[in-house]
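> below are the sequence and a predicted model for it; my questions follow.
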Amino acid sequence: MYPDTGGKQSTTVNLLRRFRQYGDAVLRFIGNFTVPFTNNTAERAVRMP
């Protein structure tokens, strides 16, 4: 899809690739209101007090 230049990809290209690959998961919270916008609650649960 994108030419392999052998160098570092730009942030824009990386974001576009990730969104195309995981777009349904990224926008899941829009259609399903039970899915939280962030995972802060899960991260707080596993952190050491």
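All right, it came through fine. Numbers count the residues shown, from 1 in each chain.

> so which residue is smack in the middle of the chain?
Centroid-nearest residue in the chain: V26, 5.6 Å away (criterion: C-alpha atoms, centre = their mean).

> am I right that that one is in contact with L15?
No: using C-beta atoms under 8 Å, V26 makes no contact with L15, being 10.3 Å away. Bear in mind the C-beta positions are built from the backbone N, C-alpha and C, glycine included.

> the residue nearest to the centre of the chain: what's it in contact with?
Contact analysis of V26 by C-beta atoms under 8 Å, 6 or more residues apart in numbering lists F19.

> which pLDDT value goes with it?
Per-residue confidence (pLDDT) for V26: 79.

> count the neighbours of R17 for me.
13 (other C-beta atoms under 10 Å).

> and it, what element?
Secondary structure from DSSP states H and E places R17 in helix 11-26.

> now do the helix or strand just after that helix: distance to the chain's middle.
The first helix or strand that comes after helix 11-26 along the chain, using DSSP H and E, is helix 28-31. Relative to the centre of its chain, helix 28-31 is centred 13 Å away, using C-alpha atoms, centre = their mean, to the nearest Å.

> residue ranges in the chain under the pLDDT threshold?
The model of the chain has pLDDT under 70 over residues 1-7, 49.
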